[in-house]
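[1] Any chance you can model this:
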Amino acid sequence: MAAILVTGSNGQLGNEIKVLAEAYPQYNFIYTDIDDLNITDYQQIDHFFTIHNIQYVINCAAYTAVDKAEQETDLARYINANAVKYLSQIAKKYHAYMIHISTDYVFDGKNYKPYTENDPICPTSAYGKTKAEGENELKIHAEKGIIIRTSWLYSSFGHNFVKTILKYGKERGNLNVVFDQIGSPTYARDLAKVVLEIIPQLANQNTIETYHFSNEGVSSWYDFAKVIVELKNIECDIHPIRTEDYPLPAPRPHYSVLDKAKIKKDFNIEIPYWKDSLKRCLELIKD
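    All right, here's what the predicted structure looks like:
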C-alpha cells in the first residue's frame, strides 16, 4: 500500500483530501501539520520518511497570509521555499513523488488572456515571490513531481473569502468589494479530487511538470461576492469599488485567470463551472 504524506493537512485543501480519501483505500494517507512534522527541519523530514516509507508527498503546507508576508517575509520564505527544498531533496533521496501546490500570485496580473504554464512568472508581492522560489526549489531538487498552480481557493473548512462574505454580509448588510481584480474561484474539494485522481497516472513519470487548475469560468471579487449572498439569500448590498479604494499592504494581480488546457489534456479530466461548485460548497456551510 503506497504511503502518501499530506503536509498542511489542517488547511482547506488538506481537509478536503481527508474527506475524499475514504474512496482511495489503496493508499495509506499520513496527515501532518506543524505539530506533527516540521517541514523546515531537514533531519525531522528525513526521519519521518524512513519510518513511514513515503512514496508520494502532497505538499499543501504554505504561508498564505498575503499581507502579513510583507513584514514576515523570512517566515514566509521558510515555509514556502525552504521547506519545499527540503521536501524535494528528501523525496529524491527516497525516490518519492512530489505534488506541490502553488498560486496565481507568481504572475504580475498584467496579462490580457489566461496564463499558461509557459508564461513567464513575475510575482509582485512577498507571498508571490516566496511561492515562486518554492517552485524553483522543487525544479532544482526533486527527482519527479508536479507543481499545480491554483487561484482564489475556498472551502467549507478554514478561513476564506466565501466565509468572510457570509459573516460580514449578515452582520453589516452593506459591503464594498473590488471589481477590478479578475480570476477564477476554486473550490478546494475540486482541486483535492483532481490531485487524488491523477496520482495513479504519475507512477511511470520521471519528470517535473507544471499545471494550472481552477474552476471553469471567470469572475471579479465583486461578482463572486454577489453570487455568494444571492445563493444564501442574505439581505446584503454589495457595492463595487476599485482596488485603489481598498489599499492593502500586498499588491494583488489584477488579472490571474489560469489556462487549464494542459491538465485537462494530460489527465483527461473535466473541471466544474465555478458557480456550480460554489453551490455545492455553500450547502455544507451551516447558517
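[2] switch to C-alpha atoms for all contacts and neighbour counts from now on
    Will do.
[3] which residue ranges form the helices in this protein?
    Remark: helices assigned in the chain by DSSP state H are 12-20, 42-52, 73-77, 83-93, 126-141, 161-172, 188-198, 221-231, 261-267, 274-282.
[4] Let's have those in JSON lines, adding mean neighbour count and mean pLDDT.
    Output for the helices of the chain, formatted as JSON lines (neighbours: other Cα atoms under 10 Å; pLDDT from 0 to 100):
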{"stretch": "helix 12-20", "mean neighbour count": "21", "mean pLDDT": "98"}
{"stretch": "helix 42-52", "mean neighbour count": "14", "mean pLDDT": "97"}
{"stretch": "helix 73-77", "mean neighbour count": "19", "mean pLDDT": "97"}
{"stretch": "helix 83-93", "mean neighbour count": "23", "mean pLDDT": "98"}
{"stretch": "helix 126-141", "mean neighbour count": "23", "mean pLDDT": "98"}
{"stretch": "helix 161-172", "mean neighbour count": "16", "mean pLDDT": "96"}
{"stretch": "helix 188-198", "mean neighbour count": "19", "mean pLDDT": "97"}
{"stretch": "helix 221-231", "mean neighbour count": "19", "mean pLDDT": "98"}
{"stretch": "helix 261-267", "mean neighbour count": "14", "mean pLDDT": "97"}
{"stretch": "helix 274-282", "mean neighbour count": "18", "mean pLDDT": "98"}
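[5] Which among the ones you listed is found nearest to P249?
    helix 126-141 (10.1 Å; Cα to Cα).
[6] one step back: export the helices of the chain to CSV and append columns for distance to H212.
    Listed next are these as CSV, based on distance: least, Cα to Cα, whole Å:
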stretch, distance to H212
helix 12-20, 16
helix 42-52, 28
helix 73-77, 22
helix 83-93, 19
helix 126-141, 13
helix 161-172, 21
helix 188-198, 10
helix 221-231, 20
helix 261-267, 7
helix 274-282, 15
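[7] For A2, find the nearest of these.
    Among these, helix 42-52 sits nearest to A2 (Cα to Cα), with 10.1 Å.
[8] Now Q205. Nearest residue, chain neighbours left out?
    Residue nearest to Q205 in three dimensions, not counting chain neighbours: K144, with 7.1 Å by Cα to Cα, 6 or more residues apart in numbering.
[9] Give the full set of residues in contact with that neighbour.
    Residues in contact with K144 (Cα atoms under 8 Å, 6 or more residues apart in numbering) are 92, 96-98, 205-208.
[10] Check those and tell me the two furthest apart.
    Greatest spatial distance in these: K92 and Q205, 13.5 Å, computed using Cα to Cα.
[11] I90 and Q44 touch, don't they?
    No - using Cα atoms under 8 Å, I90 is not in contact with Q44, being 10.5 Å away.
[12] What's the per-residue pLDDT of I146 here?
    We have a pLDDT of 97 for I146.
[13] doesn't Q205 make contact with it?
    No - using Cα under 8 Å, I146 is not in contact with Q205; the gap is 9.9 Å.
[14] Return every residue with contacts to both of these two.
    Between them, I146 and Q205 share no contacting residue, judged by Cα under 8 Å, 6+ apart.
[15] Spit out the contact partners of F224.
    P185.
[16] That one and N59: what is the separation?
    In this view, F224 and N59 are 27 Å apart by Cα to Cα, to the nearest Å.
[17] what's the answer for H100, then?
    For H100 relative to N59 (Cα to Cα), the value is 5 Å.
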